[in-house]
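[1] sequence first, then the predicted structure:
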Amino acid sequence: MTRRGLFAPLLGAAAAACSPLGLLNSLGPRDRGAGRVARDLAYGSDPRQRLDVWAPEGAAPARGWPTLVFFYGGGWDSGERALYGWAAQALAAQGFVVAVPDYRLVPGVHFPAFIEDAAAAAALAGRMAPDHGGDPARLGVIGHSAGAHLAAMIALDRRYMEAAGAPDLIRAAAGLAGPYDFLPFDVPASVNAFGRAADPTLTQPVAFVRPDAPPLWLGHGTADRVVHAEDTVILCERMRAVGGQCEARLYEGLSHADLIATFSPLFRDKAPVLEDATDFLRRALA
């Protein structure tokens, strides 16, 4: 993932050994009015099958807060929820109960294990939402990069949520800089994660567009050199072609990492990504 763009001001010599996301989490400003309300909730037996929960402060409305599951990126082979408290807090401050799960990674597992984890985490988020003021009847998924792929897969391919025992749980999905149509596998991340799949088409969100899918919102930066913006354009066009609902937003000049960095108050004036995504999710989960 690129370290150019919005992250450049954070990368001094003293912080050279730290990840940009780690710097945002430990040193960046946080949104007020929300906080973590639970940690290390298990949705499976593996040490990485755990999630944390963030929620708005104060009393929940009568129906409860709409609920989100946020999946971070990392090429399906890296990442940890501890680095994304700032992003979860940003979403929670917008009026959502937010679950942030870890999931098993390559090379320990391969497709479809991490997607199965995403579905199991979403199912747990639905079950525990009322404990933290959330409404499980208004649950959406959102992710960045590889996390956007996970969100799209469990929203579009019915098999995963059915196997998790919650086939109708997901009501909306949002993706930031996601890979949705990336055949053939031609970079190490996709080869290592999906190269063993007997049918590669089953790894692609675009293969599962359907008219009755949850509505989608997809955001992408035009300067993304990791996952090109055409993935967002293609998935939205195919959803609309079959009668599904999809909104796409391209952000001029933003890179792959920039798109999620704009969730931080430090970079929020660069583009209204958080505002656009949460506006869609409020409407879709109303």
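    That came through, no problem.

[2] give me the three-state assignment for residue 74.
    At residue 74 the chain is in coil, as set by DSSP: H, G, I helix; E, B strand; the rest coil.

[3] could you find the closest non-adjacent residue to it?
    What sits nearest to residue 74 in space, not counting adjacent residues and going by Cβ to Cβ, 6 or more residues apart in numbering, is residue 146, at 5.8 Å. For the C-beta atoms, the positions are set from N, CA and C on the backbone; glycine is no exception.

[4] relative to residue 24, how far out is the one you found?
    For residue 146, the distance to residue 24 (Cβ to Cβ, to the nearest Å) stands at 18 Å.

[5] quick revisit: and the pLDDT at the residue nearest to residue 74?
    Note on residue 146: pLDDT of 98.

[6] check residue 4 too.
    33.

[7] next one: residue 24
    For residue 24, pLDDT reads 82.

[8] helix or strand for it, which one?
    helix 20-27 (DSSP states H and E).

[9] pLDDT of the following helix or strand past that helix, averaged?
    Next along the chain after helix 20-27, taking DSSP H and E as the criterion, comes strand 34-42. Per-residue pLDDT over strand 34-42 has a mean of 97.

[10] what's strand 34-42 packed up against?
    In terms of contacts (3 or more Cβ pairs under 8 Å, 6 or more residues apart in numbering; DSSP states H and E), strand 34-42 is packed against strand 50-56, helix 85-92, helix 113-128.

[11] thinking again about what came up before, and residue 146 and residue 24? which has more neighbours close in?
    Legend: neighbour count by other Cβ atoms under 10 Å for residue 146 and residue 24, higher for residue 146 (29 against 26).

[12] measure residue 121 to residue 181 for me?
    The value you get for residue 121 to residue 181, if Cβ to Cβ is used, is 24 Å.

[13] how about stretch 226-243: buried residues?
    Judged by neighbour count (16 or more other Cβ atoms under 10 Å), stretch 226-243 contains these buried residues: 226-229, 231-236, 238-240.

[14] pull the distance from that stretch to the chain's centre.
    17 Å (Cα atoms, centre = their mean, to the nearest Å).

[15] stretch 66-85 now?
    7 Å.

[16] can you check stretch 182-197 too?
    Worked out by Cα atoms, centre = their mean, stretch 182-197 lies 20 Å from the chain centre.

[17] okay, stretch 59-68 in CSV with CA atoms only?
    These are the backbone C-alpha positions of stretch 59-68, laid out as CSV (Å, rounded to 0.1, in the frame of the first residue of the first chain):
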residue,chain,number,x,y,z
ALA,A,59,-28.3,7.1,25.2
ALA,A,60,-29.2,5.2,22.0
PRO,A,61,-32.4,6.3,20.1
ALA,A,62,-35.5,4.2,20.6
ARG,A,63,-34.7,1.9,17.6
GLY,A,64,-31.1,1.7,18.5
TRP,A,65,-28.1,2.9,16.4
PRO,A,66,-27.6,1.4,12.9
THR,A,67,-24.8,-1.1,13.0
LEU,A,68,-21.7,-1.4,10.8
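
[18] mean neighbour count and distance to residue 251 added to the helices and strands packed on strand 34-42, as CSV?
    Shown next, in CSV, are the helices and strands packed on strand 34-42 (neighbours: other Cβ atoms under 10 Å; distance: least, Cβ to Cβ, whole Å):
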stretch, mean neighbour count, distance to residue 251
strand 50-56, 24, 25
helix 85-92, 24, 17
helix 113-128, 24, 25
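
[19] would TSV of these with mean pLDDT be doable?
    As requested, the helices and strands packed on strand 34-42 are exported to TSV (pLDDT from 0 to 100):
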stretch	mean pLDDT
strand 50-56	98
helix 85-92	97
helix 113-128	98
